[in-house]
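Undergrad: kindly generate the corresponding structure for this input.
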Amino acid sequence: MIGGRRIRIVGDVHGDLHAFRHAAATDRFLIQLGDLVDYGPDSVGTFRLMQQLIDERRGLFVLGNHDRKLARALHGRKMRRDPPLMETLAQFLAPENEDVRLRAIDDLSMAPAWIVLGKYVFVHGGFHVRMLDEAPPPGLGTVTPLLSRALFGETTGRMQKDGYPERRLNWVDHIPAGYTVYCGHDRRSTDGRPWVRTGRAGGTAIFTDTGAGKGGHLAWIDLPGIEPAPAGA
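TA: Residues are numbered from 1 along each chain as shown. Below is the predicted model:
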């Protein structure tokens, strides 16, 4: 469905429907890097647009940690009552949004935790070399160490003053030379542009979260057509 098509990579949207509409106004195939929902004003509208792109075979999204949290809430799991999730859930449960809610679980369960196309890797949180050889597990299943890396990146085990886990970027040093990993989740940019880091092994990570839905804006990057790497490459 993607091979050979020109691609637009879209970072964390977080309910910023206005910006997502601009990103989707293209003839390119969209790969959205997760966290469609929470924080911004219209998470359900954002998800409805993503469903439209899927139906028209013009886009897909990889699973983000906020997307997975929404799926668990829609399943009726008991969740911590953080305000962004509660607002998103209220939008999805509104009667006028039944069309989105009825298929949301299926869309979320089918979203891959990562995608590998040639020497490009698309993932929400962080990379591990096993992603180059292993298919992603069900994103709504048990959180294995590899799925945790895909959703949450790499953490130190310590909490920051803001209540969020302290993150580290050791995983960037393990990206093989010639590979580029496009990710979201970790807002590293200080100038409004995607943040680029090259690791010790020669590979590159591009962090696309520039704060959409949180007072920043939505970033996207256009790529040429990508052909899958031949077997054994």
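
Undergrad: which parts of this protein are strands?
TA: 7-10, 29-32, 59-61, 114-117, 120-123, 154-159, 165-168, 180-183, 195-198, 204-207, 220-223 (DSSP state E).

Undergrad: reformat those strands as a markdown table; add distance to G76 and mean pLDDT.
TA: In this view, the C-beta of every residue, glycine as well, is placed from N, C-alpha and C. What follows is the strands of the chain, written out as a markdown table (distance: least, CB to CB, whole Å; pLDDT from 0 to 100):
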| stretch | distance to G76 | mean pLDDT |
| --- | --- | --- |
| strand 7-10 | 30 | 97 |
| strand 29-32 | 26 | 97 |
| strand 59-61 | 23 | 97 |
| strand 114-117 | 27 | 96 |
| strand 120-123 | 28 | 98 |
| strand 154-159 | 28 | 79 |
| strand 165-168 | 26 | 79 |
| strand 180-183 | 30 | 98 |
| strand 195-198 | 37 | 96 |
| strand 204-207 | 34 | 98 |
| strand 220-223 | 34 | 96 |
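
Undergrad: now those in TSV, with mean neighbour count and distance to R130?
TA: Formatted as TSV, these follow (neighbours: other CB atoms under 10 Å; distance: least, CB to CB, whole Å):
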stretch	mean neighbour count	distance to R130
strand 7-10	23	22
strand 29-32	24	21
strand 59-61	23	22
strand 114-117	20	10
strand 120-123	24	11
strand 154-159	12	14
strand 165-168	14	18
strand 180-183	24	13
strand 195-198	14	20
strand 204-207	21	16
strand 220-223	16	24
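
Undergrad: so which of the ones you listed comes closest to R103?
TA: Between R103 and those, the tightest spacing by CB to CB is seen for strand 59-61, at 13.9 Å.

Undergrad: give the pairing partners of that closest one; include direction for each.
TA: Strand 59-61 sits in its sheet next to strand 29-32 (parallel), going by DSSP bridges.

Undergrad: alpha carbons of the partner strand, as CSV, please.
TA: The C-alpha coordinates for strand 29-32 follow below in CSV (Å, rounded to 0.1, in the frame of the first residue of the first chain):
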residue,chain,number,x,y,z
PHE,A,29,0.6,9.2,1.6
LEU,A,30,0.5,10.2,5.3
ILE,A,31,2.3,8.3,8.0
GLN,A,32,1.3,9.8,11.3
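
Undergrad: run the chain-centre distance for it.
TA: 10 Å (CA atoms, centre = their mean, to the nearest Å).

Undergrad: give me the residues contacting it.
TA: Contact partners of strand 29-32, identified using CB atoms under 8 Å, 6 or more residues apart in numbering, comprise 1-2, 5-10, 13, 23-24, 50, 53, 58-62, 115, 122, 182.

Undergrad: pLDDT value on the most centrally placed residue in the chain, please?
TA: Most central in the chain under CA atoms, centre = their mean is G34, positioned 1.9 Å from the mean C-alpha point. We have a pLDDT of 97 for G34.

Undergrad: one step back: dump the strands of the chain to a markdown table, plus distance to D133.
TA: A markdown table is the format used below for the strands of the chain (distance: least, CB to CB, whole Å):
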| stretch | distance to D133 |
| --- | --- |
| strand 7-10 | 22 |
| strand 29-32 | 20 |
| strand 59-61 | 21 |
| strand 114-117 | 9 |
| strand 120-123 | 12 |
| strand 154-159 | 19 |
| strand 165-168 | 24 |
| strand 180-183 | 15 |
| strand 195-198 | 23 |
| strand 204-207 | 19 |
| strand 220-223 | 23 |
